[in-house]
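> quick one: sequence plus predicted model below, questions after.
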Amino acid sequence: MSFYCKYILPRLIDLAMKNPASTERRSRIVPRATGRVLDVGFGSGLNLRFYGPRVTKLWGIDPSSELLEMARPKLKSVPFPVELLTHSAEEIPLPHESIDTVVLTWTLCSIPNPIQALREMRRVLRADGRVVFAEHGLSPDPGVQAWQHRLNPVWRRIAGGCNMNRKIDDLLSAGGFNAVELSTSYFPGPRILTYTFQGLAV
């Protein structure tokens, strides 16, 4: 692993994900989680303060041990047990149907095989479980799309595998989920990076 990926990129990701628009969206999406929760792309633990009293246990999964170490000090402030898993979401080390809620916040963009990861999430999710999500991805505007496709190869290399041109609702469907609630909008900032999908999938 390069010096950039090990020491610089995790801190850049943590800083970028603290922006006011993302924080506001977390405050709406994350409290909907209940029961036994799997937070995919847990990162530096920015979702932790938004979990409500109906959470009984949380598993936070992320391939970056550096980001998970940044999250550990935050674990002391939550009233439920948290287990951190240094794993890729394509192979989730949890039993079948053991999770009530999966939380996805700005993570499907960077998983190498998002459909396989979603199938794994479906495997560990109870039949009556749900996915709450806020993700950025492919804009519906042709001019913005053109720039997303053009710049994505360079962006992916410098942004830790983040892709700006994934169509999140299509990925959820291909992974076996139905988005029963879906809203989309641009956040403040460059439109190639700020078209956001949020909602609930079952």
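Received it, and whenever you're ready, just let me know what you need.
> and the biggest helix by length in the chain, which residues are buried?
In the chain, with assignment by DSSP state H, the single longest helix is helix 142-158. Using 16 or more other C-beta atoms under 10 Å as the test for burial, helix 142-158 gives Val144, Gln145, Trp147, Gln148, Asn152, Trp155, Arg156. (Each C-beta comes from the backbone N, C-alpha and C, glycine too.)
> what do you get for stretch 103-119?
103-111, 114-115, 117-119.
> what do you get for stretch 38-50?
Leu38, Asp39, Val40, Gly41, Phe42, Gly43, Ser44, Gly45, Leu46, Asn47, Leu48, Phe50.
> what do you get for stretch 53-70?
Val55, Leu58, Trp59, Gly60, Ile61, Asp62, Pro63, Ser64, Glu66, Leu67, Leu68, Met70.
> quick check: the farthest pair among those?
Based on C-beta to C-beta, the longest span within these runs between Val55 and Glu66 and measures 25.2 Å.
> so when I look at Arg130, I'm seeing a helix, right?
No. Counting by DSSP: H, G, I helix; E, B strand; the rest coil, Arg130 is not part of a helix but strand.
> now it: how far from Phe42?
Shown here: Arg130 relative to Phe42, a distance of 18 Å by C-beta to C-beta, to the nearest Å.
> try Phe50
Taking C-beta to C-beta, one finds Phe50 at 13 Å from Phe42.
> now Leu75
Leu75 sits at a distance of 11 Å from Phe42 (criterion: C-beta to C-beta).
> one more: Leu12?
17 Å.
> show me the contacts for Gln148.
Contacts for Gln148 were tallied using C-beta atoms under 8 Å, 6 or more residues apart in numbering; they are Leu138, Ser139, Met164, Asn165, Ile192.
> got phi/psi on the closest residue in space to it that isn't next to it in sequence?
Excluding the flanking residues, the one nearest Gln148 by C-beta to C-beta, 6 or more residues apart in numbering is Asn165, at 4.1 Å. Dihedral angles of Asn165 (phi, psi; degrees, to the nearest 10) stand at phi -120, psi 30.
> ok but Gly160 is inside a strand, no?
No. According to three-state DSSP, Gly160 belongs to no strand; its state is coil.
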